[in-house]
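S.K.: next come a sequence and a model predicted from it.
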Amino acid sequence: MAKENIKQSSLEDIVKNNYQEKTIIELDIPFKKIGIASDHRGYKLKQKLTKYLTKKGYTVIDYGCDDQESHDYPEYGFILGKAIRDQKVEKGIVICGSGIGISIACNKIKNVRCAKVNNVKEAKYTRLDNDANVIALSGKMPTFRAKDITDVFLKTKFSGQKRHQKRIDMLNNYQEK
């Protein structure tokens, strides 16, 4: 079973570590908790995104894995999915080799809408139309692209259009008979 070691970085950590790239005002603190998880193949990108998001003022909760030893992606997808379901975090980012397997694991958890995304357009529309609360990335993705995708995902609001809400409700209420 995966360890549920949780590491948290917040505004307090930013101040304590004396980040001088930006002032607190420039950070525009969003007051949101972001969960992040990966398997061993997504570990390096997870570390880079955690640092990036923390510097931007997000509270980042790391749900594992904690090293580059071989780990099973479903365990970490389930852990992050449960954190979304239980409202411990508002949004999530999961990373594995392709991003596909860990997205499937997340989507096993009720009320999680995880989308595997490859570009900013997909990140934008998965928020606008699907109100996705988790994105899945490939650990092989260039860091600059992952940062751009993450920014768009976190800044884009759900459109709230009736037709999209109807579809989301269908997903949330589905029970196999």
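M.R.: Sure thing, it's come through.
S.K.: so is I135 in a helix, a strand, or just coil?
M.R.: strand (DSSP: H, G, I helix; E, B strand; the rest coil).
S.K.: how about low-confidence regions in the chain?
M.R.: Scanning the chain for pLDDT under 70 picks out 1-31.
S.K.: which residue is nearest the centroid of it?
M.R.: What sits nearest the mean C-alpha location of the chain, by Cα atoms, centre = their mean, is I93, with 1.8 Å.
S.K.: partners of the closest residue to that residue other than its chain neighbours in the sheet?
M.R.: Leaving aside its chain neighbours, I93 sits nearest to I36 (4.8 Å; criterion: Cβ to Cβ, 6 or more residues apart in numbering). C-beta coordinates here come from the backbone N, C-alpha and C atoms, glycine included. I36 has these beta-bridge partners by DSSP bridges: D62, I93.
S.K.: ok, now which ones touch I36?
M.R.: Contact analysis of I36 by Cβ atoms under 8 Å, 6 or more residues apart in numbering lists 46, 49-50, 53, 60-63, 80, 92-95.
S.K.: all set, thanks.
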